[in-house]
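J.: based on what follows, work out the 3D shape:
(4 chains)
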Protein chains: 2
Amino acid sequence: MKADAAVTALGALAQDHRLALFRLLVQAGEGGLAAGVIAEKLGVPNSSLSFHLAQLREAGLVLQERQHRSIIYRANYPAMNALVAYLMENCCAGAADCGAGAACETPAQERKSA
Amino acid sequence: MKADAAVTALGALAQDHRLALFRLLVQAGEGGLAAGVIAEKLGVPNSSLSFHLAQLREAGLVLQERQHRSIIYRANYPAMNALVAYLMENCCAGAADCGAGAACETPAQERKSA
DNA sequence: TCCTCATTTCTATATTTATCAAAATGACAT
DNA sequence: ATGTCATTTTGATAAATATAGAAATGAGGA
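T.: A predicted model of the protein is given here:
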């Protein structure tokens, strides 16, 4: 992942409606959600939501697909994982007590190594 | 972690100088780096760097500590981990084929489960 | 074809953010 | 105490981003 792609992705997430929206899609899973459903859940006007969805889509964090009359959005999990990996890349310069210790570890990893 | 803390943290990272700076500190490890050293490495004027360091500090992503004449900055690893965890929280609504599959997994996790 | 529904684009305004020179601060050494 | 070095604050300007109503698009159903 390149630096400016990461900046774009982080900027897309750095807004309350968009962060809530992205987490909603992350939790919704591969099935995704229709734009209208999201707008209703978040209490945001359609035009605003469309703007935010476009930001996330341009950042590569969500994917869209038409289904009948609705447009379904879903989280782009590989993009999310790549962003997190970029953030933690070469953590502690690869010191042994880093990945396995308290520093560069997600909660999921902690569970596994505990 | 609360939503607005996450937005603040993501916003702090959503800027090219700050992202480079944070990654520099993540890779530097617990020893950290002095403000002046960072400014030189990134080629940013001191006043600009100070602005960006303050953003990261207010977002809770970096910690500062005076050492002799310099001020040493280092990454706040638990804050970083909490942010990532918040992003991935309850991924795929906890479906069994999610955490262990292709979806909600960091590269580090992939290595372990492969 | 024509109508209707879901979503996006347009438009204009308000808010937030980035930049960096210059001045101010604050700690250490002598 | 005084000088000096490292860093932060100030201040003024430029640029990017958020908001939402109204109009436009575009796919399906009757």
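
J.: who's in contact with the residue nearest in space to the middle of chain A?
T.: Central residue of chain A (CA atoms, centre = their mean): A:Met80, 4.8 Å from the mean position. For A:Met80, the contact set (CB atoms under 8 Å, 6 or more residues apart in numbering or on different chains) comprises A:26, A:61, B:87-88, B:104. Quick note: C-beta positions are derived from backbone N, CA and C, even for glycine.

J.: that one belongs to a strand?
T.: No: going by DSSP: H, G, I helix; E, B strand; the rest coil, the assignment for A:Met80 is helix, not a strand.

J.: need the residues of chain A near DNA strand D, please.
T.: A:11, A:14-18, A:44-48, A:51-52, A:55, A:66, A:68-69 (CB under 7 Å from any atom of the strand).

J.: so A:Leu19 touches B:Ala9, yeah?
T.: No: A:Leu19 lies out of contact with B:Ala9 (CB atoms under 8 Å); the separation is 10.2 Å.

J.: among the residues of chain A next to DNA strand D, which ones are buried?
T.: A:11, A:14-15, A:17-18, A:44, A:52, A:55 (16 or more other CB atoms under 10 Å in any protein chain shown).

J.: among these, list the two that are farthest apart in space.
T.: A:Gly11 and A:Val44 (18.4 Å; CB to CB).

J.: that's a strand at A:Ala103, yeah?
T.: No: A:Ala103: not assigned to a strand; according to three-state DSSP it is coil.

J.: related to what we said a few turns ago, DNA strand C: which of the buried ones among the residues of chain A next to DNA strand D is nearest?
T.: Closest approach between those and DNA strand C, by CB to the nearest atom of the strand: A:Ala14, at 7.8 Å.

J.: next up, phi/psi of that closest one, please.
T.: Per-residue torsions, A:Ala14: phi -90, psi 50 (degrees, to the nearest 10).

J.: I figured it hits B:Gly11, correct?
T.: Yes: counting by CB under 8 Å, A:Ala14 does reach B:Gly11; the two are 3.7 Å apart.
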